[in-house]
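> no sequence on this one, just coordinates:
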């Protein structure tokens with residue numbers, strides 16, 4: 001069983017940094033591909049941000065965050081991370097972590113995910 005909980009969201013000025021964490025309280029964290037998605041205000045669809053394979057060796061990023069965000073994981077701590085630098089107002093969204101049984105190359109759409117956290121709000125002010 002996978003139970004995910006995100007933390008680390010908050011309010012930051014444009015150009016600033018935030019670090020998100022997602023902890024799995026279950027016992028099978030390392031076998032899952034893990035991803036970050038976000039949903040902007042106004043009823044927009046949840047969009048892919050970044051994904052990392054179970055071993056932590058393969059990663060993929062959305063073009064909009066490439067070079068600014070870094071996804072990582074610590075399987076010993078059952079924790080997924082997202083380091084966000086050079087934040088922009090358009091990064092404002094609720095950020096969700098998810099667990100997928102597919103490999104990282106095939107886990108860039110939300111339909112591939114079996115488990116989700118409750119989300120954490122990130123707000124970037126101008």
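Structure's in. What do you need? Remember, it's a predicted structure, so these values are computed and weren't measured experimentally.

> Find the residue ranges of this structure scoring beneath the pLDDT cut-off.
Filtered on pLDDT under 70, the chain yields no residues whatsoever.

> Can you tell me the centre-most residue of it?
residue 36 (2.1 Å; CA atoms, centre = their mean).

> what's across from that residue in the sheet?
residue 50, residue 97 (DSSP bridges).

> how far away is the nearest residue to residue 2 once chain neighbours are set aside from residue 26?
Distance criterion CB to CB, 6 or more residues apart in numbering; nearest residue to residue 2, sequence neighbours excluded, is residue 115 at 4.2 Å. In short, each C-beta sits where N, CA and C put it, glycine included. Distance, residue 115 to residue 26, by CB to CB, to the nearest Å: 9 Å.

> Repeat that for residue 124.
32 Å.

> more neighbours, these two?
residue 124 (19 against 14; other CB atoms under 10 Å).

> how much space between the more buried one and residue 113?
Residue 124 is 25 Å from residue 113, by CB to CB.

> which residues does residue 123 contact?
If a contact means CB atoms under 8 Å, 6 or more residues apart in numbering, then residue 123 has 9, 10, 11, 12, 92 as its contacts.

> where exactly do the strands run in the chain?
In the chain, the strands defined using DSSP state E lie at 4-7, 10-13, 18-24, 33-39, 47-52, 59-61, 69-74, 79-84, 93-100, 113-116, 120-125.

> Throw those strands into a markdown table and include distance to residue 106, thanks.
As requested, these are exported to a markdown table (distance: least, CB to CB, whole Å):
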| stretch | distance to residue 106 |
| --- | --- |
| strand 4-7 | 20 |
| strand 10-13 | 32 |
| strand 18-24 | 20 |
| strand 33-39 | 8 |
| strand 47-52 | 9 |
| strand 59-61 | 10 |
| strand 69-74 | 16 |
| strand 79-84 | 18 |
| strand 93-100 | 8 |
| strand 113-116 | 11 |
| strand 120-125 | 25 |
